[in-house]
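Trainee: predicted structure and sequence below. I'll ask about it afterward.
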Amino acid sequence: MPVSVRLKRMGNRNRAFYRVVAADGRTATSGRTVEELGWYDPRKDGVNFKLDLPRVNYWADNGALLSCTVKNLIKRAEKLPVSEPAPAAAVADAKAATEAPGSVASAVAGDAAESGTA
């Protein structure tokens with residue numbers, strides 16, 4: 001069973017996006033897949049794809065054929081800086097700062113602050 005890592009077309013007419021998949025080389029392009037490895041949206045600006053590089057490398061090391069577009073996506077993914085996840089406290093502070101002053105969550109937080117209970 002020759003496995004290939006390629007793109008699977010999804011979406012509507014004139015609004016296509018793609019999933020990066022490992023699939024049997026004998027199946028149709030939009031057919032059954034072995035594993036989904038990421039996505040690619042050519043209509044988005046900036047970083048318009050996401051790949052699970054360890055899994056892509058696993059399939060490549062085990063003899064899977066990579067399509068030309070997938071090879072280009074791998075090159076682009078390797079050039080991207082590795083971003084570390086933000087700490088939970090920073091995410092909570094950012095969320096609190098972006099809440100509108102008249103929202104229910106800010107009203108409840110304001111009531112709790114006034115009564116001295118938090």
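Mentor: Ah, there it is.
Trainee: give the rounded mean pLDDT of the helix or strand Ser4 falls within.
Mentor: Per DSSP states H and E, Ser4 falls inside strand 3-12. What strand 3-12 shows for mean pLDDT is 91.
Trainee: number of nearby residues for Ala16?
Mentor: The tally of other residues near Ala16 (other Cβ atoms under 10 Å) stands at 14. C-beta coordinates here come from the backbone N, C-alpha and C atoms, glycine included.
Trainee: one more: Val34?
Mentor: Other residues near Val34 number 16, with proximity taken as other Cβ under 10 Å.
Trainee: of all the residues in the strand holding Ser4, which ones are buried?
Mentor: Neighbour counts over strand 3-12 (16 or more other Cβ atoms under 10 Å) mark Val3, Ser4, Val5, Arg6, Leu7, Lys8 as buried.
Trainee: quick check: domain ranges of the chain?
Mentor: 3-79, 86-118 (automatic domain parsing).
Trainee: pick out the shakiest of the ones you listed, pLDDT-wise.
Mentor: domain 86-118 (a mean of 56).
Trainee: from the buried residues of strand 3-12, which two are the most distant?
Mentor: Val3 and Leu7 (14.5 Å; Cβ to Cβ).
Trainee: circling back: and the buried residues of strand 3-12, which is closest to Leu66?
Mentor: Val5 (5.0 Å).
Trainee: on that earlier part again, need the residues that contact the strand holding Ser4.
Mentor: With Cβ atoms under 8 Å, 6 or more residues apart in numbering as the test, strand 3-12 has contacts from 16-25, 29-30, 33-34, 37, 40, 56, 59-60, 62-67, 69-70.
Trainee: and whatever helix or strand comes next after that strand, what does it pack against?
Mentor: Past strand 3-12, further along toward the C-terminus, the next helix or strand under DSSP H and E is strand 15-24. Where contact means 3 or more Cβ pairs under 8 Å, 6 or more residues apart in numbering; DSSP states H and E, strand 15-24 is packed against strand 3-12, strand 35-40, helix 53-61.
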